[in-house]
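1. Okay, here's the prediction I keep looking at, along with the sequence it came from:
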Amino acid sequence: MNSSPPPRPAPAATAPGRRPGRRRTPRAPIALALPALVAVAFLLLPLVGILARTEWAELGDHLTRPGTAEAVRLSLLVSGWALALSLLLGVPLAWVLARVPFPGKAFVRSLVLLPMVLPPTVAGVALLLGLGRRGLLGPWLEDTFGLTLPFHTTGAVVAATFVSMPFLVISLEGAFAGLHSRYEETAASLGASPLRVFATVTLPMVAPGLAAGAALTWARALGEFGATITFAGNLPGVTRTLPLEVYLLLQEEPQAATSVSLLLLAVAMTVLVALRGRWTAAGTAPARRRAAVPEPEPLPPRPQHPDTTPPTPAPPRERWALHADVTGFTRLVLDAEPGTTLAVVGPNGAGKTTLLRALLGLTPRAHARLTLGGTDVTDRPPHRRGVAWVPQDGALFPHLSALANTAYGLRAHGAGRAEARRTARAWLERLDVGHLAHRRPAQLSGGQAGRVALARALAARPRLLLLDEPLAALDQTTRAHVRHLLRTHLRSFGGVCLIVTHDPVEAVSLADRVLVLDGGRALQDAPPAEVGRHPRSPWVARMLGRNAWPGTGTPDGLALDDGGHLVVAEPVAPGTEALAIIPPEAVSVHRERPGGSPRNVWPGTVREITALGSRLRVLIASDAAPDLVAEITPEAAAELGLAEGGAVWTSVKATETTLVPR
Ligand SMILES: Nc1ncnc2c1ncn2[C@@H]1O[C@H](COP(=O)(O)OP(=O)(O)OP(=O)(O)O)[C@@H](O)[C@H]1O
């Protein structure tokens, strides 16, 4: 006899190079495995009991009896209303619990949980004492609205809502808390009111958590028994829902009770299977959805030399000057003419993000008196300031296509759907991503998403544009391309643009001015060339690729803080604290000690050689002077036979060193 082979298990994911059959599954110790098995059996046995004792031939008859059909109708009505009430009250409550700090929050959260742990009959008694005829609010409800809850279907709805709403609130609070606020803040910066943000960004982004919570709430309301019978009684056609019908049938017709129990069991299992574990991971759903999206298809070829195909700049716009007086952690006064691009630079913790958030009106840590184009917007909420923000990752709304993302700000400002989409498409075309209009953010690369985010911000017609490291996530080639696009569009932007960056090329090539922050204060605010020539801090000098040695002025140069002496052509007054700025191109590297003038010559060791465009940057450490970076051609490096660890001599010309008082 031929026997078919047993079905093969689905191949397990294995690390490359590891053979599938060799994977070891961890074995549970018997002391844990045994009680776990008993627990499963304990949960399963009653269910098996129902299945085993159901009279399948009679099932149809049992479920279509008039009393049962009436109970089904009532159960659907009551659980439907309980769900609707829970959504109406529970969604705002979950949002407040997740987002708004207020005293007594822990108490409110316990209150929400209470109906889940309270015996349902106690819940019924509590409802009677609160809303019953002789309860606290009952007489008022009866006198004012003619509403009597006990022994009415409305009472059954109230009882079901009381015990089931916590499931919705808890599930949704987790989802709200897991949603990063930058999405909502970005939506506000595009002009959306808080209610619009809630309806178009918050709710869609927590949809999986909402669906899970709603399903559980409905299932719990459908199965509600104790609170209903205690508070609303057991009146056929009025309050006798399915669970109450089961209770009654159990005494009169046990077989019919089994059939109705099976029906409730089937409904509960269907809901749980449909949820597939979302109950515990509701808040992480957007992330999971992103991971599940297949890799984007390859892009059509883009121009290799962006300079040969200049993107269409935006049409000329109104012009808005900026005046900001910022106090709090970040303290500075900022004035900029329309069309100015400012690079905001500074070490970690310098206050760059705080400055941006103050301008957006989103942080209590700093306050900005803000005037844009002569209009004081200080007292306006974030969505009415005309300040658009592009956070570092773009914060594109994951549930909307690139086109809908770009149209978002236009819609928020009242544009009709067709007009908003037309304008959005034009912006996407301008930023060279028109062909991606129908893709979701999860199907875009980092560079494409960055361009869509920029199109979205510009389309909203802001008066002030804030870009937080817009090119940080891009590779070198894409970065150059996007930088070019950015420069083109910033040129025709009629407002002021602030770009937070850690990239010197970005600062120098995009900005008209570089604002250097440190400890919340403006250390320097000058054109890039000026900041490059006379950086006011070692940090910014190094960021711009210069050597910066701090020291104290002497008659012929600088006594260096780290030891050693530097001779310069134009010394400062002796005793002045100053920074010596040595451009890497002014550092010469030699195999032997150079002859002639012995000034500013040190022996050293090559620590690191890195490529910078067509040149090499060589880091040289020395006992006689601080670390020094030299920039030389690869040919010169080959001629010198430079290698990491090799001994060299360095020299710096006194005439090419600038001293900047600190
Ligand atoms: N919500 C907050 N509560 C308290 N302190 C904060 C908060 N946010 C930031 N800070 C502190 O304020 C200072 C400035 O932070 P900010 O985020 O503005 O710096 P940054 O210049 O943007 O830094 P980075 O380059 O690391 O992003 C830091 O010392 C930071 O620890």
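-> In hand now; what should we look at?
2. tell me the contacts of residue 574?
-> 553, 554, 555 (Cβ atoms under 8 Å, 6 or more residues apart in numbering). For glycine as for every other residue, the C-beta is placed from the backbone atoms N, C-alpha and C.
3. Can you tell me the element the residue in the stretch 1-150 of the chain positioned nearest to the ligand falls in?
-> Closest to the ligand within the stretch 1-150 of the chain is residue 101: 12.4 Å, counting by Cβ to the nearest ligand atom. Using DSSP states H and E, residue 101 maps to neither a helix nor a strand.
4. Of all the strand elements in this structure, which one is longest?
-> strand 601-612 (DSSP state E).
5. Identify each buried residue in the helix or strand that that one is followed by, please.
-> The first helix or strand that comes after strand 601-612 along the chain, using DSSP H and E, is strand 615-621. By 16 or more other Cβ atoms under 10 Å, the buried positions in strand 615-621 come out as 615, 616, 617, 618, 619, 620.
6. again, but for stretch 479-492
-> 479, 481, 482, 483, 484, 485, 486, 488, 489, 490.
7. These into JSON lines, with extra columns for secondary structure?
-> Below are the buried residues of stretch 479-492 laid out as JSON lines (DSSP: H, G, I helix; E, B strand; the rest coil):
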{"residue": "479", "secondary structure": "helix"}
{"residue": "481", "secondary structure": "helix"}
{"residue": "482", "secondary structure": "helix"}
{"residue": "483", "secondary structure": "helix"}
{"residue": "484", "secondary structure": "helix"}
{"residue": "485", "secondary structure": "helix"}
{"residue": "486", "secondary structure": "helix"}
{"residue": "488", "secondary structure": "helix"}
{"residue": "489", "secondary structure": "helix"}
{"residue": "490", "secondary structure": "helix"}
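8. Is it possible to get TSV of those that adds distance to residue 427 and pLDDT?
-> Formatted as TSV, those follow (distance: Cβ to Cβ, whole Å; pLDDT from 0 to 100):
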residue	distance to residue 427	pLDDT
479	21	76
481	17	78
482	15	79
483	18	80
484	17	80
485	12	80
486	13	83
488	13	82
489	9	81
490	14	83
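9. which of the contacts of residue 574 tops the neighbour count?
-> Highest neighbour count within those, by other Cβ atoms under 10 Å: residue 553, with 19 neighbours.
10. correct me, but it touches residue 579?
-> No. The pair residue 553 / residue 579 is not scored as a contact, 10.9 Å apart, by Cβ atoms under 8 Å.
11. intersection of neighbour lists for these two?
-> residue 659.
12. Going along the chain, name the helices of the stretch 251-400 of the chain.
-> Using DSSP state H, counting those that start in this stretch, the helices of the stretch 251-400 of the chain run over 254-275, 285-292, 352-360.
13. hang on, the earlier thing: can you put the contacts of residue 574 in CSV and add distance to the ligand, pLDDT and secondary structure?
-> As requested, these are exported to CSV (distance: Cβ to the nearest ligand atom, whole Å; pLDDT from 0 to 100; DSSP: H, G, I helix; E, B strand; the rest coil):
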residue, distance to the ligand, pLDDT, secondary structure
553, 31, 91, strand
554, 35, 92, strand
555, 39, 91, coil
